[in-house]
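quick one, what's the 3D model for this:
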Amino acid sequence: MNTESNSVVNMPASLLSLPPVVVVLGHYGVGKTNFSLNLAYDLAAAGKQVTLIDLDIVNPYFRSSDHVEALAAAGISMLCPQSANTALDAPMLNVAIDTAIEDAQAGSNHVCIIDAGGDDVGATALGRFSKLIKQGDHAVLYVVNGLRELTKQPQEAADLLPEMEFTSHLTATHVVNNTHLMDATDESVVARGIEFAEEVARILGLPLVCTAVPLATEAGSVNLLTPAAQQLKESIDSGKLTCENCYFVRIYVKKPWD
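Sure thing, here's the model as predicted:
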C-alpha cells in the first residue's frame, strides 16, 4: 500500500479528543476494522504514538492485521493473535497488550486502539483486558451500520449491545455511525445512516461521536477521488447535506476478490 493515503483527510474534533484507550466494538460486518484503520492512520498523522490491537478473531477476511506492513510504514505498532502474522505466543501477546494499554493510560502521547471482534467470541477475547482498560480513561465506540443484516432497524442495533457489554465487561460510551455501501455510498445513503444512528444513540442514551463517510478513489490511485465521491464530499462540505462530526474515511478493507 502507498502510504501517501495515510494522511488526515478530515478528522472531527470529537475523535481527536477521545481518551488514550479506544475500544471499537460492534456486530459482525458493520465495518469496525476499516474504521479502526482510519482512526489509527489519522491519529498517527496528527502526531500521536499509536498502537493498534487486533482482537478480531472471528473474521478471517477483514483483519487490521492484514495491513501490518503499511501500518508500520506509518509508524503504527500492531499487536494481534498468533494466527494473524505475529511470532508472539499467547502469554507474550497478553503482556504486550497489557503494556500498550498501560503506556496509553500513563498520560503520554500514546493512543491504544483495540479493534474488537464482533459477537460473543470477540467480546470474550476483549473481556480478558477489561479490568485493566477500566482502570484508566477510555472510550468504547459502538459501531453501527444500518445496511447490515440483523441491524437494519435502530432497535435491532440497540438490542445487540447489552450482550456485548456483558461478555466484554465493558460499557459503551459512544455510538459511531458507519452506515455505507463502500464506493457506492451517496447522499441518500449518508442521510439514511444519520437518521438511523441518531435513533440508535437516542435509544441507548449515548452520544453519536461521528458519522464515517467512505471516499472512493480511482483505480490505481490513493488520493484521486472518483467523481461520485468528490460530489459527495462537496455536498457535505458545502452544508447541502448536514453531517455533524463527519469523518471522511478511506476504504482500506476490501473483499478478498476485489
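
all the helices of the stretch 151-258 of the chain, residue numbers only.
154-168, 187-204, 227-237 (DSSP state H, counting those that start in this stretch).

how many residues are close by residue 69?
The number of residues packed near residue 69 is 12, by other CB atoms under 10 Å. Backbone N, C-alpha and C define where each C-beta goes, glycine included.

low-confidence bits of this protein, can you list those?
Along the chain, segments meeting pLDDT under 70 span 1-9, 56-66, 81-91, 118-121, 255-258.

chain center to stretch 130-149, what's the gap?
Distance, stretch centre to chain centre, for stretch 130-149: 9 Å (CA atoms, centre = their mean, to the nearest Å).

alpha carbons of it, as CSV, please.
Only the C-alpha atoms of stretch 130-149 are listed here, as CSV (Å, rounded to 0.1, in the frame of the first residue of the first chain):
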residue,chain,number,x,y,z
SER,A,130,-11.4,-5.2,30.6
LYS,A,131,-10.2,-4.8,34.1
LEU,A,132,-7.1,-3.1,33.0
ILE,A,133,-8.9,-0.9,30.5
LYS,A,134,-11.4,0.3,33.2
GLN,A,135,-8.5,1.4,35.4
GLY,A,136,-7.9,4.4,33.3
ASP,A,137,-9.7,6.9,30.9
HIS,A,138,-11.1,5.0,28.0
ALA,A,139,-13.8,5.1,25.3
VAL,A,140,-15.9,2.2,23.9
LEU,A,141,-17.2,3.1,20.5
TYR,A,142,-20.2,1.1,19.4
VAL,A,143,-20.1,1.0,15.6
VAL,A,144,-23.5,0.6,13.8
ASN,A,145,-24.4,0.2,10.2
GLY,A,146,-28.0,0.4,9.2
LEU,A,147,-27.3,-1.6,6.0
ARG,A,148,-26.1,-4.8,7.6
GLU,A,149,-28.2,-7.9,8.4
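
give the buried residues for it.
Of all the residues in stretch 130-149, those buried under the rule 16 or more other CB atoms under 10 Å are 130, 133, 136, 138-148.

how about stretch 152-164?
By neighbour count with 16+ other CB under 10 Å, stretch 152-164 contains the buried residues 154, 156, 157, 158, 160, 161, 164.

out of those residues, which is nearest to residue 24?
residue 164 (11.7 Å; CB to CB).

what does stretch 156-165 contact?
Residues from elsewhere that reach stretch 156-165, judged by CB atoms under 8 Å, 6 or more residues apart in numbering: 25-27, 119-120, 123, 142, 144, 146, 150-151, 171-172, 196, 200, 203-204.

hmm, I typed the wrong one, I wanted stretch 44-51.
Stretch 44-51 is contacted by residues 6-8, 11, 16, 40, 43, 74-79, 100, 103-104, 108-113 when judged by CB under 8 Å, 6+ apart.

hmm, try it at 6 Å
The contact list for stretch 44-51, computed with CB atoms under 6 Å, 6 or more residues apart in numbering, reads 7-8, 40, 43, 74-77, 100, 109-112.

stretch 171-181 now?
Under the criterion CB under 6 Å, 6+ apart, residues 30-31, 35, 139-143, 145-147, 161, 165, 189, 193, 196-197, 200-201, 206-212, 214 lie in contact with stretch 171-181.

and with 7 Å instead?
Defining contact as CB atoms under 7 Å, 6 or more residues apart in numbering, one finds that stretch 171-181 is touched by 25, 30-31, 35, 139-147, 161, 165, 189, 192-194, 196-197, 200-201, 204, 206-212, 214.

excluding its backbone neighbours, what's nearest residue 10?
With CB to CB, 6 or more residues apart in numbering as the criterion, residue 10 has its nearest non-adjacent residue at 4.3 Å, and that residue is residue 248.
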